[in-house]
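# My questions concern the predicted model and sequence given below.
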Amino acid sequence: MPSCANACPCNGGASAHTCASYAYSFQLLFEFASRRHGVAPSALALEQLDAPLIMDFLASLETERGNSTSTRNVRLAAIKSFMHFLEYRTSSPAGADPNGSWPSRPRRRISRWSITCR
């Protein structure tokens with residue numbers, strides 16, 4: 001498997017904040033997946049990060065953690081970026097959905113008019 005460090009946008013000149021956000025996104029994802037599968041994060045296999053798990057993870061960010069839609073979308077961007085990295089560096093990424101259904105998961109729209117003026 002290719003090195004995860006090479007997938008980090010930091011290697012392409014991204015800001016330190018972006019790198020920290022991506023790292024935290026994967027920390028949260030691995031903790032969620034390890035609880036779901038009952039194994040240590042280091043024992044997870046890429047195949048275990050399937051579409052239903054990713055969708056449940058994204059939902060839990062908003063419902064359990066109280067994250068905003070923007071934060072959820074940042075976590076989704078980190079996951080999609082890593083899967084895109086795997087797709088182009090391996091002949092068949094282990095955890096990729098053969099139908100490509102979960103990477104195409106749309107971002108949620110943010111209502112820009114949610115603040116009312118009096």
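On my side now, so go ahead.
# Tell me how far residue 29 lies from residue 13.
For residue 29, the distance to residue 13 (Cβ to Cβ, to the nearest Å) stands at 24 Å. To be clear about C-beta, it is placed using only N, CA and C from the backbone, and glycine gets the same treatment.
# who's more crowded, these two?
Between residue 29 and residue 13, counted using other Cβ atoms under 10 Å, residue 29 has the larger neighbour count: 22 against 7.
# Give the full set of residues in contact with that one.
With Cβ atoms under 8 Å, 6 or more residues apart in numbering as the criterion, the residues that contact residue 29 are 49, 54, 57, 75, 79.
# Tell me where this protein is predicted with low confidence.
For the chain, the stretches flagged by pLDDT under 70 are 1-12, 90-118.
# where do the helices sit along it?
Taking DSSP state H, the helices of the chain run over residues 16-37, 51-63, 69-89.
# Determine which of these approaches residue 44 most closely.
Closest approach to residue 44 among those is made by helix 16-37 (5.5 Å; Cβ to Cβ).
# Could you tell me how many residues sit around residue 22?
Other residues lying near residue 22 total 23 when counted by other Cβ under 10 Å.
# and the closest residue to it other than its chain neighbours, how many residues sit next to it?
Nearest residue to residue 22 in three dimensions, chain neighbours excluded: residue 78, at 4.4 Å (Cβ to Cβ, 6 or more residues apart in numbering). Residue neighbour count, defined by other Cβ under 10 Å, stands at 22 for residue 78.
# And residue 78, how far from residue 28?
For residue 78 relative to residue 28 (Cβ to Cβ), the value is 10 Å.
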